[in-house]
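>>> I'll drop the sequence and a predicted model, then ask my questions.
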Amino acid sequence: MSKNRFGAVVIFGFSIAYGMIALHFPVPPAFNDSASPSSFPISLSAAGIIVSMLIFLLPATSAATTPELTSKGILRVFLLLLLMIFYGFVIKIFGFFVSTILFLSIGFSIMGERKLKVIFLTATVTTIIFWVSLTQFLKIYLDSGSLSKFVFGLLNLD
């Protein structure tokens, strides 16, 4: 069994378990509509099952095109994991907007992008689009962070 097919089996098993757990989410009385708190997890589970089946059933690529795992790749994975942990800590301080731009910018740098204009523009546009979709369309409140509340409090801009 190739690495791709083994990975597909792992994703398939994870997706089935995730879907089974999502089916047992409690539904509050306010969610008697078609969408409930388990709708998105069930959709993710179904997508994972479909993708893993496609990976498993479609012909595998040759082993020569499979990239080798290098120490540089392992370092990138480790740095990205540290960056995710850092993002979790700073989002309460800097807020969603600033910390997400920082997270994406540093992540792009770790992945090898060196053009500062591309890094900043992509991170900023992605964050704005994501912020607008969360706050305006989905009506999800995103905290501006304790630092901005402090600065706006000093300037009496609350």
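Looks like it came in fine. Numbering: from 1, shown residues only.

>>> Could you use CA atoms for every contact and neighbour count after this?
Fine.

>>> helices and strands around the helix or strand F152 falls within, which ones?
F152 belongs to helix 146-154 when elements are defined using DSSP states H and E. On a contact count with 3 or more C-alpha pairs under 8 Å, 6 or more residues apart in numbering; DSSP states H and E, helix 146-154 meets helix 71-110.

>>> following the helix it packs on, which helix or strand shows up next?
helix 116-132.

>>> Could you find the closest non-adjacent residue to the residue positioned nearest the centre of the chain?
The chain has M84 as the residue nearest its centroid, 9.8 Å off, counting by C-alpha atoms, centre = their mean. Nearest-residue entry for M84: F103, 7.7 Å, with adjacent residues in sequence omitted and distances by C-alpha to C-alpha, 6 or more residues apart in numbering.

>>> which ones are touching that neighbour?
Applying C-alpha atoms under 8 Å, 6 or more residues apart in numbering, we find F103 in contact with 83-84, 87.

>>> Show the model's pLDDT score for it.
pLDDT, F103: 95.

>>> Could you do F86 as well?
For F86, the pLDDT comes out at 94.

>>> same check, this time on the one 3 residues further on
The confidence metric pLDDT takes the value 92 at F89.

>>> Give me the buried stretch members for the helix or strand of the chain with the lowest mean pLDDT, please.
Within the chain, no helix or strand scores below helix 146-154, which has a mean of 75 by mean pLDDT, DSSP states H and E. Across helix 146-154, burial judged by 16 or more other C-alpha atoms under 10 Å covers K149.

>>> how big is the angle separating that helix from helix 71-110?
Note on geometry: by axes from the mean of the first three to the mean of the last three C-alpha atoms, to 10 degrees, helix 146-154 and helix 71-110 are set 20 degrees apart in direction.
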